[in-house]
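Visitor: Generate coordinates for the sequence data below:
(chains A, B, C and D)
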There are 2 protein chains.
Amino acid sequence: MSTNSSVPARIRNIAELAKLAGVSTGTVSRALANKSLVNAETRERIQALAREHGFRPNQMARRLRVQETRVIGVVVPLGHEQRQHLSDPFFMTILGHLADALTESGYDIMLSRVIPDEEDWLERIVDSGMLDGVLVIGQSNQFEALERVAQYYRPMVVWGSHTPDQKHCTVGVDNRKGGQLSGESLIAAGRKRLAFMGEIRAPELHERFLGLCDAAKAAGLPVPLQLNTHLASDTMAEEIARNLDRMADIDGIAAGSDLIAMQTVRVLADHDIAVPKDISVVGFDDLPLAEQTIPRLTTISQSIAKGAQTMVSLLFDRIAGIETSSVEMEPVLIKRDTA
Amino acid sequence: MSTNSSVPARIRNIAELAKLAGVSTGTVSRALANKSLVNAETRERIQALAREHGFRPNQMARRLRVQETRVIGVVVPLGHEQRQHLSDPFFMTILGHLADALTESGYDIMLSRVIPDEEDWLERIVDSGMLDGVLVIGQSNQFEALERVAQYYRPMVVWGSHTPDQKHCTVGVDNRKGGQLSGESLIAAGRKRLAFMGEIRAPELHERFLGLCDAAKAAGLPVPLQLNTHLASDTMAEEIARNLDRMADIDGIAAGSDLIAMQTVRVLADHDIAVPKDISVVGFDDLPLAEQTIPRLTTISQSIAKGAQTMVSLLFDRIAGIETSSVEMEPVLIKRDTA
DNA sequence: ACAGATGCAACAATCGATTGCAACAATTTT
DNA sequence: AAAATTGTTGCAATCGATTGTTGCATCTGT
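Guide: Model (predicted):
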């Protein structure tokens, strides 16, 4: 009734297992890796022994040796929005899709939520030696850092806007075009006094605002009002409410994101302003959520799932040494109930 | 105008830097770690050199040597629900909070979305040698695996239900009590024919259903109907719709989660059934979303933020060798507009 | 019966750091 | 002036695997 009959002594490394099996560590390593260079019998014997003792080779050591980690870093820089939470539905949605694509290809995911207070935050991540590649979700206000790193570090793909001669590889929607679409749909609904709800320091949002302006100009309408709203969800509703009086005669709102749009609709409802009867609202992103709200959100689709897959496949190309250029997807208006 | 004046040759390891500085690798290591054993001057000199060449020590090697990875695994087992997506808002919300708590303590996060097809999926993760600890989100149908691993692997904390003599440490809400609360609130609203919307193979959901039954029984009502609804969001709406005819005379629905509740309200609205006029609906989780829907969701609060913090602090205790027991939080009814 | 081929396993270098211990010089104490 | 102390640095082992090369049997063909 000794304990070590039921629970065999734990084996800590390949050397202990080798001693137990009466072979060298090299043989054990090859046996566990199912290499054909070891005799089938010994291979079986060693594998059985490993199974019995619940031994699994240390991945840290393996990865150091083979210089391949099979880990991809997924980074969310919270530059201008330190209060913005990782639980922001947009991040989460894209992260979910990235996770699906990466796990399917046998990669692990290292998640970093970074507040870029140190100049070299991105270098630290890419030079850590822990990652085979990096995906960045959102450019935030860190364009410079991305450019700097992209000069020497190839396996990196960023979700965000693409500007003419930028160095880093992005995947994203044509944000300006998207903004324009949202404007056009508001105008088509007969709206004349437009506003953009959201702050515009991040390149993506700035483009969306410009697109909205394009649409207004083309229709001969005045320049849309731009109302700041931070992305931290806890204060957003309050800020939107505070904006209400500044938008006395506004009848069409293009929101910087679906989340902002949802909050806006919510705040308007609280003030007995009906959407879309009194005011039309268009979101941006087409999160799964957008379909579930009541009323369902009219929004601009980013097709996040496809975007995530594109990011991953571009990244794999880059890991393999193939140069890739940025991908810009077409935004699509998803017409639902709010505009 | 040679290139290596502007971009110094890349330094790959501590040895190269040592040669450049004319010292040994040991000294470089100590200098970069800001150890007091090296002369302040040499330390500065080496640090400056490292900065200039953009050199950062390889973390893989460091971690192998010091036997501490400062990486926590966050695992989402998708046992009975392979179709369930990582972008499920509940996972995402708790993941966000976990990420906040962990990054604040200087830990990195390794994210694994696992479909437990292999018997030893959890052992593979905990024995990989890559992690200092593991957080599991949801028990799914993997109770056995969790118990088995908990026997020998200490630094693991699980989000889920606690049953009397289970080995693995959980943090979660008293799901049965929560189910009871949701039942009571439906009954208080005058509802008499109750149903539970959600499948009950996962322990958490099963407990919630039992709690609902408790409430019905205490009020002298018949046993509530249980309607299966998978958690994969793409098919959920359809399934709920299919359930509609089976619930002809139902007037109160306790949903297995906020997501299910939202979808249910949505489907009911599509069928011109008003909530809460015709049917009352209570959710579960109190996701940030629940407050943003129209009508706002009445739900049972899990206080996910606090739960996440608790998980992290229990995990740190366990990493430090301190034994901890499970934590069960009190569910709270959040009364809003749907019941 | 012997040269050459083949199969299998051991040896040892390697990945890139960290760290205990020894060595040496400079300084202080006796 | 010798001994003891202090401050720096180098040396070499170590973390736990992988893998190219070498060596030894055994087998094949002639």
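Visitor: Give me every residue in chain A lying close to DNA strand D.
Guide: Neighbours of DNA strand D within chain A, by Cβ under 7 Å from any atom of the strand: A:12-15, A:25-26, A:29-30, A:32-33, A:57-58, A:60-62, A:64-66. Placement of C-beta: from N, CA and C, glycine included.
Visitor: if you set the cut-off to 10 Å instead, what comes out?
Guide: By the rule Cβ under 10 Å from any atom of the strand, the part of chain A lying against DNA strand D is A:11-18, A:24-33, A:35, A:37-38, A:50, A:55-68.
Visitor: Please spell out the PyMOL selection for the buried subset of those residues.
Guide: Only the buried members of the residues of chain A next to DNA strand D end up in this PyMOL selection, burial being decided by 16 or more other Cβ atoms under 10 Å in any protein chain shown:
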select buried, chain A and resi 11+14+16+17+18+27+28+29+30+31+32+38+50+55+56+57+58+59+60+62+63+64
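Visitor: The residue nearest in space to the middle of chain A bridge partners, please.
Guide: With distances taken as Cα atoms, centre = their mean, A:Ile137 lies nearest the centre of chain A, 3.8 Å away. In this entry, A:Ile137 is beta-bridged to A:Trp159, by DSSP bridges.
Visitor: quick one: it from DNA strand C, how far?
Guide: 28 Å (Cβ to the nearest atom of the strand, to the nearest Å).
Visitor: do you know how far that residue is from DNA strand D?
Guide: Per Cβ to the nearest atom of the strand, A:Ile137 is found 32 Å from DNA strand D.
Visitor: repeat for A:Asp132
Guide: Distance from A:Asp132 to DNA strand D, by Cβ to the nearest atom of the strand: 15 Å.
Visitor: Which residues are in contact with that residue?
Guide: Applying Cβ atoms under 8 Å, 6 or more residues apart in numbering or on different chains to A:Asp132 gives the contacts A:Glu68, A:Thr69, A:Arg70, A:Val71, A:Ile72, A:Tyr107, A:Pro155, A:Ile319.
Visitor: How about the backbone phi and psi for it?
Guide: For A:Asp132, the backbone dihedrals (degrees, to the nearest 10) come out as phi -90, psi -20.
Visitor: Convert the strand or helix carrying A:Gly179 to PDB, retaining C-alpha atoms only.
Guide: Secondary structure assignment for A:Gly179, by DSSP states H and E: helix A:175-188. Extracted C-alpha coordinates of helix A:175-188, given in PDB (Å, rounded to 0.1, in the frame of the first residue of the first chain):
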ATOM      1  CA  ASN A 175     -12.500  54.100 -42.800                       C
ATOM      2  CA  ARG A 176     -13.000  57.300 -44.800                       C
ATOM      3  CA  LYS A 177     -15.200  55.500 -47.200                       C
ATOM      4  CA  GLY A 178     -17.100  54.000 -44.300                       C
ATOM      5  CA  GLY A 179     -17.600  57.400 -42.800                       C
ATOM      6  CA  GLN A 180     -18.900  58.600 -46.100                       C
ATOM      7  CA  LEU A 181     -21.300  55.700 -46.300                       C
ATOM      8  CA  SER A 182     -22.700  56.400 -42.900                       C
ATOM      9  CA  GLY A 183     -23.100  60.100 -43.900                       C
ATOM     10  CA  GLU A 184     -24.800  59.100 -47.100                       C
ATOM     11  CA  SER A 185     -27.300  56.900 -45.400                       C
ATOM     12  CA  LEU A 186     -28.200  59.600 -42.900                       C
ATOM     13  CA  ILE A 187     -28.700  62.000 -45.800                       C
ATOM     14  CA  ALA A 188     -30.700  59.500 -47.700                       C
END
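Visitor: Which helix or strand lies directly C-terminal to it?
Guide: Sequence-wise, the next helix or strand downstream of helix A:175-188 (DSSP H and E) is strand A:194-197.
Visitor: what about that next one, average pLDDT?
Guide: Per-region confidence: strand A:194-197 scores 95 on mean pLDDT.
Visitor: Report the rounded mean pLDDT for stretch A:108-125.
Guide: The average pLDDT within stretch A:108-125 is 91.
Visitor: so how far is the first residue of that stretch from its last?
Guide: End-to-end distance of stretch A:108-125 (Cα to Cα, to the nearest Å): 15 Å.
Visitor: Ok, stretch A:228-238 next?
Guide: 12 Å.
Visitor: Nearest residue to the residue of the stretch 201-339 of chain A found nearest chain B in space, please, no chain neighbours.
Guide: In the stretch 201-339 of chain A, the residue that lies nearest chain B is A:Ile294 (4.7 Å; Cβ to the nearest Cβ). Distances taken as Cβ to Cβ, 6 or more residues apart in numbering or on different chains put B:Ile294 closest to A:Ile294, at 4.7 Å, once the chain neighbours are dropped.
Visitor: Enumerate every residue touching the one you found.
Guide: B:Ile294 touches A:Val265, A:Arg266, A:Ala269, A:Thr293, A:Ile294, A:Pro295, counting by Cβ under 8 Å, 6+ apart.
Visitor: tell me the SS of the first one?
Guide: Translated: A:Val265. When classified by DSSP: H, G, I helix; E, B strand; the rest coil, A:Val265 comes out as helix.
Visitor: Enumerate the residues of the stretch 51-200 of chain A near DNA strand C.
Guide: A:Met60, A:Ala61, A:Arg62, A:Arg63, A:Leu64, A:Arg65, A:Val66, A:Gln67, A:Asp127, A:Ser128, A:Gly129.
Visitor: who touches whatever residue of the stretch 201-339 of chain A ends up closest to DNA strand C in this structure?
Guide: Residue nearest to DNA strand C within the stretch 201-339 of chain A (Cβ to the nearest atom of the strand): A:Ile319, separated by 16.9 Å. Counting by Cβ under 8 Å, 6+ apart, A:Ile319 touches A:Asp132, A:Gly133, A:Pro155.
Visitor: so what's the second one bridging to?
Guide: It refers to A:Gly133. Counting by DSSP bridges, A:Gly133 is bridged to A:Ile72.
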